[in-house]
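after the sequence you'll find the predicted model.
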Amino acid sequence: MKQINQYVETHKQRFLDELFELIRIPSISSLPEHKPDMYRAAEKWKQFIIEAGADKAEIYETEGNPVVYGEKIIDKDAPTVLVYAHMDVMPVDPLELWNTEPFEPVIKDGKIWARGADDDKGQGFMHTKAFEYLVATDQLTCNVKFLIEGEEEVGSPSLPKFCEEHKELLEADIILVSDTSMIARDVPSITTGLRGLAYWQVEVTGPNADLHSGIFGGAVANPINVLSKMIAQTMDDNGRILIPGFYDDVLEVSKEERELMAKAPFDLEEYKKSLDIEQEFGEEGFSTNERTGIRPTFDVCGIWGGYTGDGAKTVLPSKAYAKISTRLVPNQKHEKIAELFIDYFKSIAPNTVKVKVDYLHGGPSYVCPIDIPAYRAADKAYTEVYGKRPVPVRSGGSIPIIATFEEILGTKSVLMGFGLGSDAIHSPNENYPLEQFFNGIKTIQAFYAHFAEEMKK
């Protein structure tokens, strides 16, 4: 540890300066006007991968945003690690809630404050610096490949085809990812499961134009009222989702595994206090951690219609809209859930309105066994840096491409995340503790030596 500590201390300002170059690029994949920024980000990633010691790095076109691939092959018989990260970030709205400029990184209170500081520029960049250290000190024990995509935040629509077309290029023994979080700064953890996702946009149409609510109210159905009632019919008061067939394929977690999960430190009162809520909510019969890790969910992510400006406008709107998502657990197929929701939502619509449902994107869930060489290597690496063994946890989040990697490439992924729950990813004032950034570099570099040893067993 002494050598890596010294290397990080010597180069930490350069590491941050380079990371900030990436962060300053507003690579928002969901907004078409930022398409040029995706190419700027790709060029910067290519530059940093080469400078870190890769033999080559290239930018590949896809049907959407570009992909960066790089590699260093030290021995065809050595284990191969494929590092996956994403260069795109979420939009920054609402801008007025930011305390700093989203794309001008600031260090304050021991944290980097900026969009992408954690998700995923900060976490992804740790891998280039760990790789740089291993190359510079002649300690690299594995072949390393990098795959940096530009559409993760919109469901990775172009990456499956890229993987199909480049299976040989992406061949590896394990995929290494840092796009998840730890339980706490002093409680390391490895994410062993990710929930799947299904996401729709709903449009409810009533009259053919906005109407005067005084003249027409009470005689014509209000699409916002109807949409609200339909949404209310999709979940009961105990958090149980009412879509017929929704739970048919849910893989129930054993009592033994639930007991292991319960050993993860969790303070419910502190949890509620941190969110400023009086009472948590979720499916009856499950703990808060279980509700966010091993159970499916249903959420309205956005809803709008009618007049929302300042002051009053007595309008009966023509249309109402909602964006709706479900998080799915192992064995649930997002394509099946997509159809179940569409069928159900249309079936409960009254004939006073017309309903249109568009399936926007989705992805399957993922589970990583804790007995594979890469998991054991990650376990040892965290223990080496943090002084205690990491806790295996199931994440409530989704990274759809992880399950797709397994389907197309036949390769498992190990999720070595270093983010914290307080990092506000996807929200205003996203941040990433400097301590986690530097500890991540140290832990990742330790992974490679342990992985090479584990693969010999």
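Thanks, I have the structure now.

show me where the stretch 201-350 of the chain has its helices.
Here the stretch 201-350 of the chain has its helices, by DSSP state H, counting those that start in this stretch, at 213-216, 223-232, 255-261, 268-275, 288-291, 334-347.

quickly list what the closest residue to Glu171 other than its chain neighbours is bridged to.
Counting by Cβ to Cβ, 6 or more residues apart in numbering, Glu171 lies nearest to Thr80, which is 6.9 Å off, once chain neighbours are set aside. C-betas here are computed from N, CA, C, even on glycine. Thr80 has these beta-bridge partners by DSSP bridges: Asn143.

rewinding a little: just send the helices of the stretch 201-350 of the chain back as CSV, with distance to Ser156 too.
What follows is the helices of the stretch 201-350 of the chain, written out as CSV (distance: least, Cβ to Cβ, whole Å):
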stretch, distance to Ser156
helix 213-216, 43
helix 223-232, 28
helix 255-261, 28
helix 268-275, 29
helix 288-291, 26
helix 334-347, 13
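
which one of those lies closest to Phe146?
helix 334-347 (27.6 Å; Cβ to Cβ).

run the angle between the closest one and helix 223-232 for me.
130 degrees (axes from the mean of the first three to the mean of the last three Cα atoms, to 10 degrees).

for Ala322, which of the helices of the stretch 201-350 of the chain is the nearest?
Once these are compared by Cβ to Cβ, helix 223-232 is nearest, at 6.0 Å.

run the chain-centre distance for that closest one.
Using Cα atoms, centre = their mean, to the nearest Å, the mean C-alpha position of helix 223-232 is found 29 Å from that of the whole chain.

quick one: contacts of that helix?
202, 204-206, 300, 303, 305-306, 317-322, 324, 345, 348-350, 352-353, 355 (Cβ atoms under 8 Å, 6 or more residues apart in numbering).

state the mean pLDDT of that helix.
Helix 223-232 carries an average pLDDT of 98.

same thing with stretch 370-379?
The model assigns stretch 370-379 a mean pLDDT of 96.

follow-up on the earlier one: and the contacts of helix 223-232, which of them are buried?
Buried subset of the contacts of helix 223-232 (neighbour count, 16 or more other Cβ atoms under 10 Å): 202, 204-206, 305-306, 317-322, 324, 345, 349, 353, 355.

give me the number of residues near Asn99?
10 (other Cβ atoms under 10 Å).

that one and Trp113 touch, don't they?
Yes - using Cβ atoms under 8 Å, Asn99 makes contact with Trp113 at a distance of 7.2 Å.

give me the common contacts of these two.
Shared contacts of Asn99 and Trp113, counting by Cβ under 8 Å, 6+ apart, come down to Asn429.

and this protein, what are its domains?
Using automatic domain parsing, the domain parsing of the chain gives 2-194+365-456, 199-250+296-361.

how about Phe216: what's its closest non-neighbour residue?
Per Cβ to Cβ, 6+ apart, closest to Phe216 is Leu316, 5.3 Å.

one more: Val253?
In space, Val253 is closest to Ile294, 4.7 Å off (Cβ to Cβ, 6+ apart).

with Phe125 instead?
Nearest to Phe125 is Leu19, by Cβ to Cβ, 6+ apart, at 4.9 Å.

in contact with that neighbour, which residues?
Counting by Cβ under 8 Å, 6+ apart, Leu19 touches Pro105, Ile112, Lys121, Gly122, Phe125, Phe437.
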